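Enquirer: Just to be clear, the model below is a prediction. Sequence and coordinates:
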Amino acid sequence: MAITIEIDHAKTRARAAAAAGLPVVPQSVSGRIRRLKWGILMLTLSIYYVTPFLRWDRGDNAPHQAVLLDFANGRLYAFFVEIWPQDLYLVTGLLVLASTVLILTNALAGRLWCGFACPQTVWTDLFLLVERRIDGDRRQRLKSIGAPLTIKRAVRIVAKHSAWLLISLATGGTLIFYFTDAPALVRGIASGNVSANALTWIVVFTATTYGLAGFAREQVCTFMCPWPRLQGAIWDPEAYTVNYRDYRGEQRTSAKKAAELRLQGKPAGDCVDCGQCVAVCPIGIDIREGPNFACINCGLCVDACDGVMSKLGRPRGLIDYESWKNIERGRRSEAPVNRLVRPKTIGLTAACLALAGTITLAFATKTTATLSVEHDRDPVAVRLSDGSLRNAYTVKLLNKSSNPHAYILSVTGVDARLAIIGHDATAPIEVAPDGSESLRVTLTAPAAAQGDVLFTARDETGATVLSARDRFVDR
């Protein structure tokens, strides 16, 4: 059976609101999914606002903020992990892993991230909570649209936008805390001693939060976010997404009319066309029209429908997390089949585990120092007057730890004398914390020789041994 998935948001919004050009004004709803969303909202906001103030002892020469994006010094810190610019391949790996996990989640339950943990969803829910507390629920807010401006309404408008701006300011300010020492910046803001650069970015992020969560809302999820457009490539009919069991709900009729039809032995659907599923939807779509790319899979329509079914004494699940394949099976009066475990999800899970294992191994074997060697290109070898042969190299020692280290440099592989220009070859080479030393090194062989050369640098403790391989050539 061919499936057309609607992506034109304007066609699937509540028709009256769309015709009048009104914004989507979702109604509040209670239920198990709404309670889960409140729990996730509290958890994610707590993590976001608290994390910059967590401390992590890294020694005297390193910052003690647990999570810090120190772009000025080229460092990313996350608790015990420290990433240098040379380690950005690890960040790339983490991004690839996150994308693969997102695709796996989509194969299991559609846009679950969008509906529960996406920052746009979380802050929009928070702004809507403030709006309901001040302006009332959906009916009161719809009445206020276009209503004459009274003192009472003006006070509400000022109170609502003031609360939104305070939340936006806290959000924008907290984001800046991830890029600098949070307690120090708080003290600077309190005393008025803060840089113009920090203030500019706080204003930018505050305005962004205020605009996206306060006004753009469903437009971000439908038009600005690229994820809905990717659904055409990765939409899976076996994924457990929010769907309407039309084989049970149709034909729609009132509860009284349905009872009369059933007494007469005629079919009648469970859907009473109350519109609650549309009223509570933060995107403003009608899930009964079939799969829709704009649906963020938040499940609020499930709570709304379950509440109506409960009042009517009918079983829940008219709208539920269900695979589209099972909807089609239901139309044929077949039993539902759970296919969460299938080749696609097995392959994606294996890919996630392989990526996670590789990244973990890379982090575990990552060193706090590196040694690199570059052979001179012109000339690659020099014949001295006594007949000996000399090759020159640039050796670079990089110390990525917060403590100074001293290294002894040695070579093996060819019978050649090591010399460090401007430095005693037998003396330790001091490298400052978060610093590097570049050395001009020569190898002189008494006769023609050719072969691999292994450069080794050992620190003063003997625990760290760095090595790099190059070539000694005779021409």
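Expert: Received, thanks.

Enquirer: CA atoms for contacts and neighbours, from now on please.
Expert: Will do.

Enquirer: where exactly do the strands run in the chain?
Expert: 67-70, 75-78, 81-83, 241-244, 319-322, 369-375, 382-383, 389-399, 405-412, 417-420, 429-431, 435-445, 451-459, 465-472 (DSSP state E).

Enquirer: With mean pLDDT added, can I get those in a markdown table?
Expert: Converted to a markdown table, the strands of the chain look like this (pLDDT from 0 to 100):
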| stretch | mean pLDDT |
| --- | --- |
| strand 67-70 | 92 |
| strand 75-78 | 89 |
| strand 81-83 | 87 |
| strand 241-244 | 95 |
| strand 319-322 | 95 |
| strand 369-375 | 91 |
| strand 382-383 | 88 |
| strand 389-399 | 92 |
| strand 405-412 | 91 |
| strand 417-420 | 91 |
| strand 429-431 | 91 |
| strand 435-445 | 91 |
| strand 451-459 | 90 |
| strand 465-472 | 90 |
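
Enquirer: out of those, nearest to residue 93?
Expert: strand 81-83 (12.7 Å; Cα to Cα).

Enquirer: Go through the closest one and flag the buried ones.
Expert: The neighbour-count check on strand 81-83 (16 or more other Cα atoms under 10 Å) flags 82, 83 as buried.

Enquirer: Equivalent analysis for stretch 41-54, please.
Expert: 41, 44, 45, 51, 52, 53.

Enquirer: List the beta-bridge partners for residue 453.
Expert: Beta-bridge partners for residue 453, by DSSP bridges, are residue 470.

Enquirer: hang on, isn't it packed against residue 470?
Expert: Yes. If you go by Cα atoms under 8 Å, residue 453 and residue 470 touch, sitting 5.3 Å apart.

Enquirer: Looking at these two, which one has more neighbours?
Expert: Neighbours per residue, other Cα atoms under 10 Å: of residue 453 and residue 470, the larger number sits with residue 453, 19 against 16.

Enquirer: what's the closest residue to residue 375 other than its chain neighbours in contact with, if anything?
Expert: Here the nearest residue to residue 375 in space, its sequence neighbours aside, is residue 393; by Cα to Cα, 6 or more residues apart in numbering that works out to 4.5 Å. Residues near residue 393 by Cα atoms under 8 Å, 6 or more residues apart in numbering: 373, 374, 375, 376, 440, 441, 442.

Enquirer: give me the beta-bridge partners of the residue nearest to the first one when sequence neighbours are not counted?
Expert: Taking Cα to Cα, 6+ apart, and ignoring the residues beside it in sequence, residue 373 has residue 395 as its nearest neighbour in space, at 4.6 Å. Beta-bridge pairing for residue 395 (DSSP bridges): residue 373, residue 439.

Enquirer: Give me the number of neighbouring residues for residue 395.
Expert: Neighbourhood size, residue 395 [other Cα under 10 Å]: 20.

Enquirer: Quick check: it vs residue 374, distance?
Expert: To residue 374, residue 395 is 7 Å away according to Cα to Cα, to the nearest Å.

Enquirer: mind giving me the domain split of this structure?
Expert: Per automatic domain parsing, the structural domains of the chain span 26-229, 369-472.

Enquirer: what about the first one, how long is it end to end?
Expert: Pointing back at domain 26-229 there. End to end - Cα to Cα - domain 26-229 spans 24 Å.

Enquirer: go on, stretch 241-252?
Expert: Rule used - Cα to Cα; the end-to-end distance of stretch 241-252 is 22 Å.

Enquirer: Centre of the chain to that stretch, how far?
Expert: 34 Å (Cα atoms, centre = their mean, to the nearest Å).

Enquirer: Name the residues of it that come out as buried.
Expert: 241, 242, 243, 244, 245, 246, 247, 248, 249, 252.

Enquirer: For the second one, which non-adjacent residue is closest in space?
Expert: Once flanking residues are discounted, residue 242 sits nearest to residue 321: 4.4 Å by Cα to Cα, 6+ apart.
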